[in-house]
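Trainee: Just to be clear, the model below is a prediction. Sequence and coordinates:
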Amino acid sequence: MTIPKGELMAFVENQTSKKSLSRWESDLFKFILDWISGTHFISIKTSGSTGDSKWMKVEKEKMVKSAQLTGDFFNLQKNDKALLCLPVEFIAGKMMVVRAFVLELNLIPVEPSGNPLKDLNKAFDFAAMTPMQVHAVLNFNDGFQKLNKIRNLIIGGGEVNQLLFDQIKNLENNTYHTYGMTETLTHVALLKMNGRDSDDCYKALPGVKFEKDNRDCLVISAAHLAPNKIITNDIVNLKAENKFEYIGRFDNIINSGGIKMSPEKVEQVLSGYIPGRFIIAGIPDEKLGQKVVLIVEGVKNSQTGFSGIINSVVKEKYERPKEIFYLNSFPETENGKIKRRKTLEMILPLTDNN
C-alpha cells in the first residue's frame, strides 16, 4: 500500500520530534523528509577516503535514474524486501532509501553495525553491505545461511580481500562487488563474485561506457549522471567499453627504483596471510626514490613475523616490503575506511629510527 505524501510527512515529522530517537533513526527520518520535500537537490557528504570529506549538491532526478538502473539490473519488483543496514549519512545508505521510494520496495531498516544480521532471520530480495559487515556475518554462527537468504547482495565501500573473497565464492545467492563513488551515486559497474557466472572484471550497468586516459585511469561516460565524462584516479585494465579489471589508485602508485607498482595488488596477495588490517605504502628512500613498506595495525610481539610469509608469497622482488611498521590503530574516515595519507604521515617519524 502506498502512503499518501502528506500522511508520510506527518508520520516522519512526528518521529523526528521524539527525544528517544537514536542517531541512525534520526538520520533516516531527516533524509526521508528531505527526499519527499519539494526541493530538486540533495546535499551529500563524500566519504573522505582520498582526501577531506566534503559536501556536494546532486539532483534528485539523477538519484532516481540510478535507482531505476539498479532495479532493472536486479529485476527488483514492487514490494520486494530490501534491507537498509548502512548509515544514511552517506550516499550508499541514502541510495537504499531512494531505491525503496522509486521501486516501491518494502524497506526494512536496522541499526548500522558490524554484524547487521545478528538478530535477523529473514529473507531479503536486496541488500547492500560493506566488506567488514559481510566478514562479521560470515564469521558468526549461522551467518552463511543468513547471507544466503539475501537474493541479491551488493558489497561496496572498500576492497574485498582474498580470504573474504574465498568465503563469498561459496554463497548460493547473487553477490556482487560494486564499483562507484559519491560522484557516480554509488555503483556504475558490478563484479559477480560467486556462482557459475562469476567474473574477475567489472561490467558496466546499461547506458554506462568506459575508456582510459593517458594515465591508464578510468573515464566514465554516463548520460544519466552528467553530460560530461567523469575522470577518475583509478588505474584499470580496460577489456572493452563496458568491462574493466581494477588495478589500483593512481595516487597510491609506488615508484621504487624506476619500477611502478600498485600497492593494492600486493595487499591482495598478502590478504590471506596477514590477520587484521594492513596497508602497503611507499616511503622516501635515497637510493630507490621510494621504498616499499608494510604497515600493520596492532602491536608488534614476538609471535609477529611476516618476513618469511612476504618472501614466499610475493613473487616479484621489487614488490616485497623492505620494512614493517606497526601502529596501534589506523586513522579512519567517518565510514571506516583507512586514511592512507594520514597513516603514512604517522609512520614517517619512525623511519629515522630504523
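Mentor: Right, received. Where do you want to start?
Trainee: What segments of the stretch 51-200 of the chain are helices?
Mentor: With DSSP state H, counting those that start in this stretch applied, the stretch 51-200 of the chain shows helices at 60-74, 91-103, 131-138, 143-148, 162-168, listed in chain order.
Trainee: Quick one: those helices as JSON lines, columns for mean neighbour count and mean pLDDT too.
Mentor: Bear in mind the C-beta positions are built from the backbone N, C-alpha and C, glycine included. What follows is those, written out as JSON lines (neighbours: other CB atoms under 10 Å; pLDDT from 0 to 100):
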{"stretch": "helix 60-74", "mean neighbour count": "19", "mean pLDDT": "94"}
{"stretch": "helix 91-103", "mean neighbour count": "23", "mean pLDDT": "96"}
{"stretch": "helix 131-138", "mean neighbour count": "20", "mean pLDDT": "94"}
{"stretch": "helix 143-148", "mean neighbour count": "17", "mean pLDDT": "96"}
{"stretch": "helix 162-168", "mean neighbour count": "17", "mean pLDDT": "91"}
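Trainee: closest one to residue 335 among the ones you listed?
Mentor: helix 91-103 (8.3 Å; CB to CB).
Trainee: tell me the phi and psi of residue 250?
Mentor: phi -60, psi -40 (degrees, to the nearest 10).
Trainee: wait, it sits on residue 231?
Mentor: No. If you go by CB atoms under 8 Å, residue 250 and residue 231 don't touch, sitting 10.6 Å apart.
Trainee: Show me whatever sits in contact with both of these two.
Mentor: residue 217 (CB atoms under 8 Å, 6 or more residues apart in numbering).
Trainee: With neighbour numbers in mind, choose between the two.
Mentor: More crowded of residue 250 and residue 231, by other CB atoms under 10 Å: residue 250, with 16 against 12.
Trainee: need the contact list for that one.
Mentor: Going by CB under 8 Å, 6+ apart, the list of residues near residue 250 reads 215, 217, 233-235.
Trainee: Can you tell me the closest non-neighbouring residue to it?
Mentor: residue 233 (4.3 Å; CB to CB, 6 or more residues apart in numbering).
Trainee: Which strand or helix spans the one you found?
Mentor: Using DSSP states H and E, residue 233 sits in strand 230-240.
Trainee: For the helix or strand following that strand, which helices and strands make contact with it?
Mentor: Helices and strands here follow DSSP H and E; after strand 230-240, the next one along the chain is strand 243-249. On a contact count with 3 or more CB pairs under 8 Å, 6 or more residues apart in numbering; DSSP states H and E, strand 243-249 meets strand 202-204, strand 230-240, helix 263-270.
Trainee: Which strands border the shortest one, and is each parallel or antiparallel?
Mentor: Looking at strand 202-204 with DSSP bridges, its paired strands and their directions are strand 186-192 (antiparallel), strand 243-249 (antiparallel).
Trainee: same question for it, mean pLDDT?
Mentor: Mean per-residue pLDDT for strand 202-204: 97.
Trainee: what's the burial count for the closest residue to residue 291 other than its chain neighbours?
Mentor: Nearest residue to residue 291 in three dimensions, chain neighbours excluded: residue 285, at 3.7 Å (CB to CB, 6+ apart). When counting by other CB under 10 Å, one arrives at 16 neighbours for residue 285.
Trainee: partner residues bridging residue 285?
Mentor: For residue 285, the beta-bridge partners are residue 289 (DSSP bridges).
Trainee: Just confirm the residue nearest to residue 250 contacts residue 219, I think it does.
Mentor: No. Counting by CB under 8 Å, residue 233 sits too far from residue 219 to count as a contact (11.0 Å).
Trainee: what sits against the residue nearest to residue 250?
Mentor: Taking CB under 8 Å, 6+ apart as the criterion, residue 233 is in contact with 50, 217, 249-251.
Trainee: Over to residue 82?
Mentor: By CB under 8 Å, 6+ apart, the neighbours of residue 82 are 76, 96, 99-100, 105-108, 124-127.
Trainee: cool, residue 249 as well?
Mentor: Contacts of residue 249 (CB under 8 Å, 6+ apart): 50, 233-235, 262, 264.
Trainee: at 7 Å what do you get?
Mentor: By CB atoms under 7 Å, 6 or more residues apart in numbering, the contact set of residue 249 is 233-234.
Trainee: For it, list each beta-bridge partner.
Mentor: Beta-bridge partners of residue 249, as defined by DSSP bridges: residue 234.
Trainee: oh, and call the first residue 36 from now on, that's how I've got it
Mentor: All set: I'll call the first residue 36, so the last point we hit is now residue 284.
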